[in-house]
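Student: Provide a 3D model corresponding to the input given below.
(3 chains)
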Amino acid sequence: MDAVPRDLLRARETWRHRHLLDLERLTAEELTAILDVAAVIKQESDDCRRKLSWLAGRTVANLFFENSTRTRTSFSLAARRLGADTVEFSASGSSLSKGETFVDTARNIEAMNVDVMVVRHGTPGTPHLLAQQLECSVINAGDGAHEHPTQGLLDIFTIRERCGRIAGLTIALVGDIAHSRTARSNIWGLTKLGAHVIVCGPSTLVSRGWEKFGVEVAYDLDEILPRCDVLNLLRIQFERQATRPFPSVREYALLYAMDRRRLERAKPGIVIMAPGPINRGVEITPDVADGPHSVILDQVTNGLAVRMAVLWLLTR
Amino acid sequence: MDAVPRDLLRARETWRHRHLLDLERLTAEELTAILDVAAVIKQESDDCRRKLSWLAGRTVANLFFENSTRTRTSFSLAARRLGADTVEFSASGSSLSKGETFVDTARNIEAMNVDVMVVRHGTPGTPHLLAQQLECSVINAGDGAHEHPTQGLLDIFTIRERCGRIAGLTIALVGDIAHSRTARSNIWGLTKLGAHVIVCGPSTLVSRGWEKFGVEVAYDLDEILPRCDVLNLLRIQFERQATRPFPSVREYALLYAMDRRRLERAKPGIVIMAPGPINRGVEITPDVADGPHSVILDQVTNGLAVRMAVLWLLTR
Amino acid sequence: MDAVPRDLLRARETWRHRHLLDLERLTAEELTAILDVAAVIKQESDDCRRKLSWLAGRTVANLFFENSTRTRTSFSLAARRLGADTVEFSASGSSLSKGETFVDTARNIEAMNVDVMVVRHGTPGTPHLLAQQLECSVINAGDGAHEHPTQGLLDIFTIRERCGRIAGLTIALVGDIAHSRTARSNIWGLTKLGAHVIVCGPSTLVSRGWEKFGVEVAYDLDEILPRCDVLNLLRIQFERQATRPFPSVREYALLYAMDRRRLERAKPGIVIMAPGPINRGVEITPDVADGPHSVILDQVTNGLAVRMAVLWLLTR
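Tutor: Predicted coordinates for the structure are as follows:
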């Protein structure tokens, strides 16, 4: 049994939430607490590589009602690298096809003595509903276009790791803001921590209404580019769009793709992020995705650190 | 390595069966032995929450050829809470699509040194067939409309836990008896242990032929209700029925659903069970499903205890 | 923590490859080294039954883009019997449906700190492509009709175990050579180790071109049968064939199925193998498949030994 560092024990004692449903309702102090725990865990686990036993005997259930490679696996590995057991559920093969309600399915899983339930669902608010109905901890792993708090946290963690701070940075979220839960979680987290956030994309995907969330709205990437410390290139979620919001993928790429030409006009230390899965040639060109400014794969590794931190804080 | 309580070691020494295929062929003493082992394990594992290491190094394979959330997961968690490894197979993604026979698939899995194979299949008798062909232990997790012995055991365990005994109780199985493997396993187990069992439902789902199994056949729930200590509300298995066996779901609910009105005319301590997944508003109303008489979620937790007990007894 | 035998530590120190992509590029010494390690591991693990902890803390990812029961499970169990954690990916439910490239999916999985990636894909060369792009070790678990190196190794291991040697044996691969990655891996491995290999089947499935790989080409099983020490009966891969390469299954069975009549004219100690899943009555009759000459299920168990050996050698 590895000893838990005192910092982590103290952080967990003062943590007040049973669930992680969104970043909207977390304070700057709480956000910082998660990031700090994640940093300690990343170090203690040798960059999330070494297996710890701090949650030995606990069970984490993944309840995924939308396709997912990285998030599902990231939670599963995060849980197991802390010594917990995991169980996996997906929409297909479940009793939902026998007429059971979503809440009854979740309650049944909980009755098997699950400690944390990680939920992804196409309908906004589903994790909040479950949190009201269950005794166990609930983590939102994406609810429709609403929030994806651990994605927001891993993006913020990666920026803080690379830039040393969040406050005072200018960070642009580029692309499909309208359909992006990642955008919402980033906006809540980054603005609370003092960043200047710009949302930028075609007017069919970015409305003026975002200004009320304290962010700048822009339609011309080339105009804002020289001011940005970080670009977070959101995927065009073709599968969420009823109608194509721009004339062609080629036109989108012409206006918004991060390519070598744009990189030359950006700040020298600009950080290029993408929550993935990336559409190469759409929101980012391969040379930029694989280049020195890109932190896309760091984001994946940091996803483990952040999820280990959240699992640690929520589990009593 | 946690010490195994002496009671459990003794129970395993005297256990004579290599497989658990049905409750029909178990004696009252054997049924009681399983329930007693389950009770010890439930206590030792802190209500099936704490992980034990009694089956460390063993491998349990789940071979499911029908959809399942709770049974598959329950077996998987039961195995892992005893320290065993698990492997999962389902119909899709298997070599059956390449023309291999079911028995050859199972033999191949066995040749990977699996200790226990948990089998669910739509065809009655499939686990018995495998038991003849394999060296490892086979547990029937449901074979068509034939038997589902661990469901029967967990129902009986829950009744015994709540009522303190089985002998002398009047227990009604209500609803879709014809298509229910749970009904069959309950009938065999409960009658052997001395309960008076009533099967009750529309005549299209409950035939007079059940009387030869030593149970009372009834068609009017309201008539038998005042005599019952336990009601086990079987799900209407819409997916198993070629033709609708009653005019409408609404009429079924009117005649057989357990609702507040019926609860008032039942014995004060009546126990309401359902094997789940439940169809809210069909066989049970939400207020009763979530009320104080309901043991539906206890059944789920006890499913772990009973399956841990069976895995323990079968593994040498 | 079980002590690792000195032989295995030494074998790993001298092992020079980061990946196992094919048998074509391994030397006879390297092939023998893997077989020797597998033999030690089989013994140390009590016939691959006992769980060892030599890869504790490591993570093995299964990335399967074709259906598989035995290979996927075999790798998963091999990894876990060495103490490693496993994660499973399949084509359905992955981000490939969101437009991500195969390489990006693999890189993302790698960024979660996976040590070994086991890959099956319908396109020849896919594992080689990944090996160029990833830092982690890659094991080819079958790439189209190209190679399936661990299947080749387990076949060779089983022959060596049964016959005591490979050099000097006459070994026939019978059936669907054209579509068989197993045939290719067997041919490379067996010829390097000094066996005389015959490929035998209908001319639509076996071309004269195979002679350039140093094997004998035959079309009449009855003619070569008396010379063979081992028959490896390849499955007719109906799912890989655009057009039926012979008039009927019955005619195929008449000419090439191993049945009792043929067994009587074979060498007394002939060894009958099949990589499975077998089509009973097509390439082999049930009495031969289940008879004393058959090592079909030994092959499955030896698959664990060989895969444990490969995982051990590749993991630093």
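Student: do stretch A:108-127 and chain B meet?
Tutor: Yes - counting by CB under 8 Å from any CB of the partner chain, chain B is contacted by stretch A:108-127 at A:108-113. Yep, even glycine has a C-beta here, placed from its N, CA and C like the rest.
Student: list the buried ones in stretch A:36-50?
Tutor: By neighbour count on 16 or more other CB atoms under 10 Å in any protein chain shown, the buried set for stretch A:36-50 is A:36-42, A:44-45, A:48-49.
Student: typo on my end, it should be stretch A:225-238
Tutor: A:225, A:228-237.
Student: now render those as a markdown table, adding pLDDT and secondary structure.
Tutor: As requested, those are arranged in a markdown table below (pLDDT from 0 to 100; DSSP: H, G, I helix; E, B strand; the rest coil):
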| residue | pLDDT | secondary structure |
| --- | --- | --- |
| A:225 | 98 | helix |
| A:228 | 98 | coil |
| A:229 | 98 | coil |
| A:230 | 98 | strand |
| A:231 | 98 | strand |
| A:232 | 98 | strand |
| A:233 | 97 | strand |
| A:234 | 94 | coil |
| A:235 | 85 | coil |
| A:236 | 81 | coil |
| A:237 | 74 | coil |
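Student: now, which of those lie close to chain C?
Tutor: residue A:235.
Student: which one of the buried residues of stretch A:225-238 sits closest to residue A:160?
Tutor: Closest to residue A:160 out of these is residue A:230 (10.6 Å), distances taken as CB to CB.
Student: what are the boundaries of the helices in the stretch 51-200 of chain A?
Tutor: A:70-81, A:102-111, A:126-133, A:149-163, A:181-192 (DSSP state H, counting those that start in this stretch).
Student: check contacts around the spatially most central residue of chain A.
Tutor: Among the residues of chain A, residue A:151 comes closest to the average C-alpha position under CA atoms, centre = their mean, at 0.6 Å. Residues in contact with residue A:151 (CB atoms under 8 Å, 6 or more residues apart in numbering or on different chains) are A:71, A:142, A:181-182, A:185-186, A:275, A:303.
Student: for the closest residue to residue A:27 other than its chain neighbours, the count of nearby residues, please.
Tutor: Closest residue to residue A:27 apart from its sequence neighbours, by CB to CB, 6 or more residues apart in numbering or on different chains: residue A:192 at 7.2 Å. Applying other CB atoms under 10 Å in any protein chain shown, we find 20 residues neighbouring residue A:192.
Student: check contacts around residue A:106.
Tutor: Applying CB under 8 Å, 6+ apart, the residues near residue A:106 are A:63, A:117, A:119, A:130, A:133-134.
Student: narrow those residues to those that are buried.
Tutor: Neighbour counting by 16+ other CB under 10 Å classes A:63, A:117, A:119, A:130, A:134 among the contacts of residue A:106 as buried.
Student: want to throw the buried residues of stretch A:36-50 into CSV with pLDDT, secondary structure and distance to chain B?
Tutor: Below are those laid out as CSV (pLDDT from 0 to 100; DSSP: H, G, I helix; E, B strand; the rest coil; distance: CB to the nearest CB, whole Å):
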residue, pLDDT, secondary structure, distance to chain B
A:36, 98, helix, 30
A:37, 98, helix, 24
A:38, 98, helix, 26
A:39, 98, helix, 29
A:40, 98, helix, 26
A:41, 97, helix, 22
A:42, 97, helix, 26
A:44, 95, helix, 23
A:45, 95, coil, 21
A:48, 94, coil, 23
A:49, 93, coil, 22
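Student: now, among these, which is nearest to chain C?
Tutor: Of all the buried residues of stretch A:36-50, chain C sits closest to residue A:49, with 4.6 Å by CB to the nearest CB.
Student: wait, that closest one sits on residue C:114?
Tutor: No - between residue A:49 and residue C:114 there is no contact under CB atoms under 8 Å: 9.8 Å.
Student: give me the element the residue nearest to residue A:245 when sequence neighbours are not counted is part of.
Tutor: Counting by CB to CB, 6+ apart, residue A:204 is the residue found nearest to residue A:245 once chain neighbours are left out, at 3.7 Å. Assigned by DSSP states H and E, residue A:204 belongs to no helix or strand.
Student: residues near residue A:204, how many?
Tutor: Around residue A:204 there are 13 residues (other CB under 10 Å).
Student: low pLDDT regions in the stretch 101-250 of chain A?
Tutor: Low-confidence segments of the stretch 101-250 of chain A (pLDDT under 70): A:239-242.
Student: where is the longest helix in chain A?
Tutor: Taking DSSP state H as the criterion, chain A has its longest helix at helix A:296-314.
Student: now that one - C-alpha only, PDB.
Tutor: This file holds the C-alpha atoms of helix A:296-314, laid out as PDB (Å, rounded to 0.1, in the frame of the first residue of the first chain):
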ATOM      1  CA  ILE A 296      -2.600  17.500 -28.200                       C
ATOM      2  CA  LEU A 297      -1.100  14.300 -26.800                       C
ATOM      3  CA  ASP A 298      -0.100  16.000 -23.500                       C
ATOM      4  CA  GLN A 299      -3.800  16.700 -23.100                       C
ATOM      5  CA  VAL A 300      -4.500  13.000 -23.300                       C
ATOM      6  CA  THR A 301      -1.900  12.100 -20.700                       C
ATOM      7  CA  ASN A 302      -3.100  15.000 -18.500                       C
ATOM      8  CA  GLY A 303      -6.600  13.600 -18.900                       C
ATOM      9  CA  LEU A 304      -5.500  10.700 -16.800                       C
ATOM     10  CA  ALA A 305      -4.000  13.000 -14.100                       C
ATOM     11  CA  VAL A 306      -7.100  15.200 -13.900                       C
ATOM     12  CA  ARG A 307      -9.400  12.200 -13.700                       C
ATOM     13  CA  MET A 308      -7.300  10.500 -11.100                       C
ATOM     14  CA  ALA A 309      -7.500  13.700  -9.100                       C
ATOM     15  CA  VAL A 310     -11.300  13.900  -9.400                       C
ATOM     16  CA  LEU A 311     -11.800  10.200  -8.500                       C
ATOM     17  CA  TRP A 312      -9.500  10.800  -5.500                       C
ATOM     18  CA  LEU A 313     -11.400  13.900  -4.300                       C
ATOM     19  CA  LEU A 314     -14.900  12.300  -4.700                       C
END
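Student: chain center to that helix: distance?
Tutor: A distance of 9 Å separates the centroid of the chain from that of helix A:296-314, by CA atoms, centre = their mean, to the nearest Å.
Student: got JSON lines for the contacts of residue A:151, with neighbour count and distance to residue A:260 too?
Tutor: JSON lines is the format used below for those (neighbours: other CB atoms under 10 Å in any protein chain shown; distance: CB to CB, whole Å):
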{"residue": "A:71", "neighbour count": "24", "distance to residue A:260": "30"}
{"residue": "A:142", "neighbour count": "27", "distance to residue A:260": "32"}
{"residue": "A:181", "neighbour count": "24", "distance to residue A:260": "30"}
{"residue": "A:182", "neighbour count": "27", "distance to residue A:260": "25"}
{"residue": "A:185", "neighbour count": "27", "distance to residue A:260": "30"}
{"residue": "A:186", "neighbour count": "31", "distance to residue A:260": "25"}
{"residue": "A:275", "neighbour count": "27", "distance to residue A:260": "22"}
{"residue": "A:303", "neighbour count": "31", "distance to residue A:260": "27"}
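Student: which ones are touching residue A:181?
Tutor: Contacts of residue A:181 by CB under 8 Å, 6+ apart are A:142-148, A:151.
Student: for it, which non-adjacent residue is closest in space?
Tutor: residue A:148 (4.1 Å).
Student: hang on, isn't that neighbour packed against residue A:140?
Tutor: Yes - the pair residue A:148 / residue A:140 is scored as a contact, 7.2 Å apart, by CB under 8 Å.
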